[in-house]
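>>> Take a look and give me a structure for this.
(one chain, ligands or ions: 1)
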Amino acid sequence: MSAGKKTRLSRIMRNGKVMLCAMDQGIEHGPSDFNDKNIDPDFVLDIACKGGFTGMVLQKGVAKRYYENYAGKVPLVLKLNGRTNIIPKDEIYSGPVASVKEAVALGADAIGYTLYVGSTMEARMFSDFGKIQEEASDYGMPCIVWAYPRGKYVKDEKSKETVAYAARCALELGADIVKVNYTGSTESFKYVVKSAQKCKVISAGGSKQSDAEFIAKAKEVMAAGAVGFAVGRNVWQNPNPLKITAELKKVIFGKE
Ligand code: FBP
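The predicted structure follows:
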């Protein structure tokens, strides 16, 4: 691993663990995910800083207009592809919208890229990512892959086998960290972690759950050997974002 990549990875990790705050839902789901407060990126960036997140995931437009004031307080993970949920799942494809060079210019410490494993557009997405990954290697930029099995051939997006397959693809394609959806049990998630081998596994937060459900899930994820979370809605849709963050932090990092 290059010295640059090691340095950047160490900035988005604490004691080997990862806790990212994700706010790319504005493109992935649309403004319906937001309320009057969290529609404002400053509201979410403030939570990320005060909550001790190890990174903030943004698309480039938001990063350009908002991140400057938070640099040095929370590292930036720039998402390099995106799509709306208006396009049908059957033809799901997420194309590149930014480059690694732009991520470097914006001060990012890692890039994020979604791969819809199993989709009809898989070959194109793997090839797009291949170029991104090559550019990332040139710059010593860590790659975090959002590995989501999706499309008309995917029977169960959250089954142990399918999620493990997606996680393995991330390893095979050169990701440093893979973000997957939780498979529902520690046992099944252990298989996902095992399949990803040297590619570290983090879990998505998913749609908003009760505090108790979310924290129980977090405990199961960590017990399976994952290194953390990239979470959005379960934090910034929570009426008390810093309280749930503190609880999640305890699960991920233990006593600090
Ligand atoms: P959440 O914690 O809100 O689920 O965010 C995680 C995330 O991966 C986001 O980065 C992304 O916008 C969204 O989920 C994608 O969701 P979907 O599975 O609906 O495509």
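>>> quick one: residue 141 and residue 104 touch, right?
Yes - using Cβ atoms under 8 Å, residue 141 is in contact with residue 104, at 6.9 Å. To be clear about C-beta, it is placed using only N, CA and C from the backbone, and glycine gets the same treatment.
>>> more crowded one of those two?
Set residue 141 next to residue 104 and count neighbours by other Cβ atoms under 10 Å: residue 141 wins out with 25 against 17.
>>> Shouldn't the more buried one be within a helix?
No - under DSSP: H, G, I helix; E, B strand; the rest coil, residue 141 sits outside any helix and is assigned coil.
>>> For it, which residues are in contact?
With Cβ atoms under 8 Å, 6 or more residues apart in numbering as the criterion, the residues that contact residue 141 are 4-5, 8, 100, 103-104, 108, 110-111, 135.
>>> Would you mind measuring from the closest residue to residue 209 other than its chain neighbours to the ligand?
With Cβ to Cβ, 6 or more residues apart in numbering as the measure, residue 234 is the residue that lies nearest to residue 209, at 6.2 Å, once sequence neighbours are left out. Separation of residue 234 from the ligand (Cβ to the nearest ligand atom, to the nearest Å): 6 Å.
>>> Mind checking what secondary structure the residue most central in space within the chain has?
By Cα atoms, centre = their mean, the chain has its centre lying nearest to residue 230, at 4.6 Å. Using three-state DSSP, the structure places residue 230 in strand.
>>> Pull the contacting residues for it.
Contact analysis of residue 230 by Cβ under 8 Å, 6+ apart lists 18, 20-22, 57, 144, 179, 202-205.
>>> Leaving out chain neighbours, which residue sits closest to it?
In space, residue 230 is closest to residue 20, 3.9 Å off (Cβ to Cβ, 6+ apart).
>>> Show me what from this structure comes close to the ligand.
Neighbours of the ligand within the chain, by Cβ under 6 Å from any ligand atom: 22, 24-25, 28, 57, 146, 148, 204-206, 230-234.
>>> What is the most widely separated pair among these?
Across the residues of the chain next to the ligand, no pair lies farther apart than 148 and 234, at 17.2 Å, counting by Cβ to Cβ.
>>> can you give me the strands for the protein?
18-22, 55-58, 76-79, 81-82, 95-96, 110-117, 143-149, 177-180, 200-204, 228-231 (DSSP state E).
>>> Please convert those to JSON lines, extending it with mean pLDDT.
Converted to JSON lines, the strands of the chain look like this (pLDDT from 0 to 100):
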{"stretch": "strand 18-22", "mean pLDDT": "98"}
{"stretch": "strand 55-58", "mean pLDDT": "98"}
{"stretch": "strand 76-79", "mean pLDDT": "98"}
{"stretch": "strand 81-82", "mean pLDDT": "98"}
{"stretch": "strand 95-96", "mean pLDDT": "98"}
{"stretch": "strand 110-117", "mean pLDDT": "98"}
{"stretch": "strand 143-149", "mean pLDDT": "98"}
{"stretch": "strand 177-180", "mean pLDDT": "98"}
{"stretch": "strand 200-204", "mean pLDDT": "98"}
{"stretch": "strand 228-231", "mean pLDDT": "98"}
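>>> Can you give me the neighbour number for the residue nearest to residue 209?
Based on other Cβ under 10 Å, the number of other residues close to residue 234 is 25.
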